[in-house]
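Enquirer: build me a structure from this.
(2 chains)
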2 protein chains.
Amino acid sequence: MDTKSPASFQEKAVELLLSDADKIARLIRVQMDHLTMPQCPLYEEVLDTQMFGLSREIDFAVKLGLIEREQGKSILDTLEKELSLLHEAYTNR
Amino acid sequence: MDTKSPASFQEKAVELLLSDADKIARLIRVQMDHLTMPQCPLYEEVLDTQMFGLSREIDFAVKLGLIEREQGKSILDTLEKELSLLHEAYTNR
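Expert: All right, here's what the predicted structure looks like:
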């Protein structure tokens, strides 16, 4: 295991969480782009599973003191907003 | 955020992961204890969800260099073995 400074753990943690959040955001965008194709289902379960996974990572990082609770919450809130836009768009298509 | 030494992050990470693993192990044991009651279902979905959450936490900790990959694998393997004993017991009851 590498010897790392506490700061490097914290930076790396934020980097990893943002990268995982970005993967979900891209999943959401792909689904948005396929809105006009009525045969494409909404992969709600996939998105829910990924959101749950990310929220567990964030909880873990918060408990370890690697990120602030507020920062973790804001990462999830941003995704939740994109998700609800997607749901709305599906409902209204 | 507290200032922490790298070692304290690593110790805390292992502590947290083992405590989460222990929660799942207790869930498995509770289900084992209810084997004789035919009306009690096997909460596979609950266990699967918890296992998925733990595996995401472990991946995250491994990527951060907080625990060794082998150590994370061994935590999951131990639980998988208990889970398969539970499935076996349910199948044969």
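Enquirer: in contact with the residue nearest in space to the middle of chain A, which residues?
Expert: Nearest residue to the geometric centre of chain A (Cα atoms, centre = their mean): residue A:21, 3.2 Å. Residue A:21 makes contact with A:54, A:75, A:78-79, according to Cβ atoms under 8 Å, 6 or more residues apart in numbering or on different chains. Using the backbone N, CA and C atoms, a C-beta is placed for each residue, glycine as well.
Enquirer: mind telling me what element it is part of?
Expert: In this structure, residue A:21 is located in helix A:6-33 according to DSSP states H and E.
Enquirer: what of residue A:52?
Expert: Element membership for residue A:52 (DSSP H and E) is helix A:44-64.
Enquirer: any chance you could list what contacts that helix?
Expert: A:13, A:16-17, A:20-21, A:23-24, A:27-28, A:31, A:67-69, A:72, A:75-76, A:79-80, A:83, B:9, B:12-13, B:16, B:49, B:52-54, B:56-57, B:60-61, B:66.
Enquirer: among those residues, which ones are buried?
Expert: Buried members of the contacts of helix A:44-64, scored by 16 or more other Cβ atoms under 10 Å in any protein chain shown, are A:13, A:16-17, A:20-21, A:24, A:27-28, A:31, A:67, A:72, A:75-76, A:79, A:83, B:9, B:12-13, B:16, B:53-54, B:56-57, B:60-61, B:66.
Enquirer: tell me the SS of residue A:66?
Expert: Judged by DSSP: H, G, I helix; E, B strand; the rest coil, the three-state class of residue A:66 is coil.
Enquirer: so what pLDDT did the nearest residue to it once chain neighbours are set aside get?
Expert: Closest residue to residue A:66 apart from its sequence neighbours, by Cβ to Cβ, 6 or more residues apart in numbering or on different chains: residue A:13 at 3.9 Å. Reported pLDDT at residue A:13 in the predicted model: 96.
Enquirer: isn't residue A:13 right up against residue A:67?
Expert: Yes: in terms of Cβ atoms under 8 Å, residue A:13 counts as a neighbour of residue A:67; the distance is 5.7 Å.
Enquirer: which residues of chain A lie near chain B?
Expert: Within chain A, the positions near chain B by Cβ under 8 Å from any Cβ of the partner chain are A:1-6, A:9-10, A:12-13, A:16, A:49, A:52-54, A:56-57, A:60-61, A:63-66, A:68.
Enquirer: mind doing that once more with 10 Å?
Expert: Within chain A, the positions lying close to chain B (Cβ under 10 Å from any Cβ of the partner chain) are A:1-10, A:12-13, A:15-17, A:19-20, A:49-50, A:52-69, A:71.
Enquirer: could you measure from residue A:34 over to chain B?
Expert: Residue A:34 sits at a distance of 26 Å from chain B (criterion: Cβ to the nearest Cβ, to the nearest Å).
Enquirer: with that, I have no additional questions.
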